[in-house]
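> Have a look at this prediction, sequence included:
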Amino acid sequence: MGDPHPKIEARAVTRVFGRAARAVHALGPVDLTVAPGEFTCVVGPSGCGKSTLLRIAAGLLRPSSGELRIRTNARRPAAMIFQDYGIHDWKTVLANIRFGLDVQKVPRREADARAAHWLDRMGLTDFAAAYPAALSGGMRQRVAIARALAVEPEILLMDEPFAALDAQLRTILQDELLGLTQTTRTTTLFITHSLEEAIVLGDRVLVMSARPGRVIAERRPPFPRPRTGAVRATPEFAALTSELWELLRGEVGAGAAA
Ligand SMILES: Nc1ncnc2c1ncn2[C@@H]1O[C@H](COP(=O)(O)OP(=O)(O)OP(=O)(O)O)[C@@H](O)[C@H]1O
Ligand SMILES: [Mg+2]
């Protein structure tokens, strides 16, 4: 069964921003584990602490209490894709994709080959020399995805990577990500507002409460791997979507009233 230890393990993680009367209890306590090769999705109302959780997982932010452990093989890092792309505007598309490879000191030839592969896979080959300002939102997002995947991360942390895209492109990239993570068995923690997206992609879907976000439910979409986008048309998909929507609706209301 391979490595039995979870790749991501959160124990009673909380995060408070600010102090005293101004303190905002943003998150938790949250417990979660993500097994090797597992694709875990997190859905929850706006402001419930999803990005905060992911930033803690990425080591960009400390928890106020509790502990979050990431277990990577030192040679294969964790990569994060941000809600707002997180690519460098002053670097070309190619330089953005090369960035993580250079940081990792991947030898030049191999870095060139991998960058070319991901440019091609994301349909960006003709834009290698372009700057992000000259790209559409969807193309910028694909640069961010290519940059993250080019480092062949063992763990992928994705914060609403498709939120800014139109529905068609979003569907195409969901299917692409599905194929990709199934071939590479990349351990993934994926944040989204979209229940449909979570159900298509996830081995598990965790539902968070309104702020401070806690995990209030967990469902396993009943679709075996390898899975394709065709699951969207099944009755099970519709049933799970409405079940999760009922759960989430209460929380969205709770957040708005608070
Ligand atoms: N650096 C910060 N300083 C102060 N408050 C913060 C900071 N980062 C986040 N917060 C607050 O923490 C709460 C959770 O924010 P977070 O960005 O994690 O929510 P989210 O679930 O990702 O929301 P969305 O779905 O809109 O992206 C919010 O109330 C937010 O205002
Ligand atoms: Mg967020």
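Yes, it's here. Ligands and ions are numbered 1, 2, ... in the order given.
> Regarding the closest residue to Gly37 other than its chain neighbours, what are the backbone dihedral angles?
In this structure, Gly37 finds its nearest non-sequential neighbour in Arg185, 4.0 Å apart by Cβ to Cβ, 6 or more residues apart in numbering. The way it works is simple: take the backbone N, C-alpha and C, and place the C-beta from them, glycine included. Note on Arg185: its backbone torsions stand at phi 50, psi 50 [degrees, to the nearest 10].
> heads up, I number from 117, so please use that
Okay, residue one is now 117; in that scheme the one you just asked about reads as Arg301.
> you'd agree Arg301 is up against Glu154?
No - under the criterion of Cβ atoms under 8 Å, Arg301 makes no contact with Glu154, lying 9.0 Å away.
> more neighbours, those two?
Neighbours around Arg301 and Glu154, counted as other Cβ atoms under 10 Å, are more numerous at Glu154. The numbers are 19 against 14.
> Which secondary structure element is home to the residue positioned nearest the centre of the chain?
Closest residue to the average C-alpha location of the chain: Met274 at 1.8 Å, with Cα atoms, centre = their mean. In the assignment (DSSP states H and E), Met274 maps to strand 271-275.
> Direction included, what does that strand pair up with?
Sheet pairing here is set by DSSP bridges, and for strand 271-275 it gives strand 194-197 (parallel), strand 303-308 (parallel).
> Flag every residue of the stretch 167-316 of the chain that's near ligand 2.
Ser167 (Cβ under 5 Å from the ion).
> Check which residues of stretch 325-333 are buried.
325-331 (16 or more other Cβ atoms under 10 Å).
> just stretch 234-252 next, same as before
234-235, 237-238, 240, 243, 248, 251.
> Mind checking which of the residues you listed land in helices?
234-235, 237 (DSSP state H).
> Columns distance to Arg127 on top of the buried residues of stretch 325-333, output as JSON lines?
Formatted as JSON lines, the buried residues of stretch 325-333 follow (distance: Cβ to Cβ, whole Å):
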{"residue": "Ser325", "distance to Arg127": "18"}
{"residue": "Ala326", "distance to Arg127": "22"}
{"residue": "Arg327", "distance to Arg127": "20"}
{"residue": "Pro328", "distance to Arg127": "16"}
{"residue": "Gly329", "distance to Arg127": "16"}
{"residue": "Arg330", "distance to Arg127": "13"}
{"residue": "Val331", "distance to Arg127": "12"}
